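Undergrad: here you go, sequence then predicted model.
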Amino acid sequence: MAPISGIATRGLSQEDLPAALLLSAEAGWNQAAEDWALFLEHGRLLGVPSTTGLTASAAILPYDGFAWISMVLVTGAARGQGLGTGLLRQAMGAVADAGQIPVLDATPSGERIYRPLGFRPVFPLTRWRGQATGQAVLPPALRPVEAEDLPSVTALDAAAFGAARPGILAHLWRRAPRAALILENGQGFVLARPGREAMQIGPLVAPDEASAATLLQAALGRLTGTVLLDMPDAWAGLAALLEAEGFRRERPFLRMALQRTAAFGDPARLYAVAGPELG
């Protein structure tokens, strides 16, 4: 265990996942139990235990050259004690020890904490919320992603995101195969995953905004119920499409990296991210 201002922290395990899910649900976040399990499978979870479960958490997903920090959560009764900042610093130290650069997607309240620690803006995003009706017909330019497409999907995602993450993408594909679509020309794709209260679309990678719109509309047409989408603010055409579909802007995010303003990968191909917890 490592102390944070006299508070003991430890790495979390499978047994902690129900308490972790309660922590994110209390915050109103969308993560499902499978998302928390994903952090253990591909990264690390840190936490402050309590007699009743967990008081605070943080997650680290290591990629090539950088690592994603997310799920910095503190239960309402324990906020204001420095637990979140302490866990964040611990995660940053672990990432630095691995020779990687910490990257994260910040809420406005989180941004006020991250900037003094040296995080710099990379690009802004907006979370959109709406309803999918499942009424669209799959256009001929698209087809469902099959298992044999996953290496190509991984390569496309790596070019846009900045690192290969085959295990995570395969996990998303298995959880929502109906919304997993690829362009027939092999130049773009979209994935999704079910959350605690809504389906999250992303990542969405495409060669241009028109292709991205085709993928997005088709994915929406193969889903029903509440949908979330975290989209870089650069894409005004997609924003107009979402507004026409009845989606509304829910909250801003800011992608940030420690002492770095350049994006990893190629943001010109990235039309929706996998989510602030995954990058």
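TA: Nice, thanks for sending it over. Residues are numbered from 1 along each chain as shown.

Undergrad: low-scoring stretches of this structure, by residue?
TA: 1-7 (pLDDT under 70).

Undergrad: the longest strand in the chain is where?
TA: Scanning the chain for the strand with the most residues, using DSSP state E, yields strand 119-133.

Undergrad: and that one, how far from the chain's centre?
TA: Counting by C-alpha atoms, centre = their mean, to the nearest Å, strand 119-133 is centred 10 Å from the centre of its parent chain.

Undergrad: packing partners of it?
TA: Using 3 or more C-beta pairs under 8 Å, 6 or more residues apart in numbering; DSSP states H and E, the elements in contact with strand 119-133 are strand 101-106, helix 209-221, strand 224-232, helix 236-244, strand 248-258. In this view, the C-beta of every residue, glycine as well, is placed from N, C-alpha and C.

Undergrad: switch the cut-off to 6 Å
TA: strand 224-232, strand 248-258 (3 or more C-beta pairs under 6 Å, 6 or more residues apart in numbering; DSSP states H and E).

Undergrad: export these to TSV and tack on distance to Asn185 and mean neighbour count?
TA: Putting the helices and strands packed on strand 119-133 into TSV (distance: least, C-beta to C-beta, whole Å; neighbours: other C-beta atoms under 10 Å) gives the following:
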stretch	distance to Asn185	mean neighbour count
strand 224-232	23	20
strand 248-258	28	18
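
Undergrad: now distance to Val273 too, for those, in JSON lines please.
TA: Below are the helices and strands packed on strand 119-133 laid out as JSON lines (distance: least, C-beta to C-beta, whole Å):
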{"stretch": "strand 224-232", "distance to Val273": "5"}
{"stretch": "strand 248-258", "distance to Val273": "8"}
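
Undergrad: and Pro267, which of these is closest to it?
TA: Closest to Pro267 of the helices and strands packed on strand 119-133, according to C-beta to C-beta: strand 224-232, at 6.3 Å.

Undergrad: what sits up against the closest one?
TA: For strand 224-232, the surrounding residues in contact (C-beta atoms under 6 Å, 6 or more residues apart in numbering) are 123, 125, 127-130, 132, 134, 198-201, 272-273, 275.

Undergrad: now do stretch 242-256
TA: Residues contacting stretch 242-256 (C-beta under 6 Å, 6+ apart): 104-106, 111, 114, 119, 121-130, 276.

Undergrad: for ChimeraX, write the selection for the buried entries among these.
TA: Provided next is the ChimeraX selection string for whichever of the contacts of stretch 242-256 are buried by 16 or more other C-beta atoms under 10 Å:
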select :104,105,106,111,114,119,122,125,126,127,128,129,130,276
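
Undergrad: re earlier: show me which pair in the contacts of strand 224-232 is furthest apart.
TA: Phe123 and Gly134 (31.4 Å).

Undergrad: buried set for the strand or helix carrying Arg143?
TA: In this structure, Arg143 sits in strand 142-144 according to DSSP states H and E. The neighbour-count check on strand 142-144 (16+ other C-beta under 10 Å) flags Leu142 as buried.

Undergrad: helices or strands up against whichever helix or strand comes after it?
TA: Proceeding N to C from strand 142-144, the next assigned helix or strand is helix 150-161, under DSSP H and E. Packing partners of helix 150-161 (3+ C-beta pairs under 6 Å, 6+ apart): helix 166-175, strand 199-205.

Undergrad: how about a cut-off of 8 Å?
TA: Under the contact criterion of 3+ C-beta pairs under 8 Å, 6+ apart, helix 150-161 touches helix 166-175, strand 189-194, strand 199-205.

Undergrad: would you mind giving those as a markdown table with mean neighbour count and distance to Leu54 added?
TA: Formatted as a markdown table, the helices and strands packed on helix 150-161 follow (neighbours: other C-beta atoms under 10 Å; distance: least, C-beta to C-beta, whole Å):
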| stretch | mean neighbour count | distance to Leu54 |
| --- | --- | --- |
| helix 166-175 | 18 | 23 |
| strand 189-194 | 26 | 23 |
| strand 199-205 | 27 | 23 |
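
Undergrad: mind naming the longest helix for the protein?
TA: Ranked by number of residues, the top helix in the chain under DSSP state H is helix 83-97.

Undergrad: relative to strand 101-106, how tilted is it?
TA: In terms of direction (axes from the mean of the first three to the mean of the last three C-alpha atoms, to 10 degrees), helix 83-97 departs from strand 101-106 by 150 degrees.

Undergrad: alright, I will stop here.
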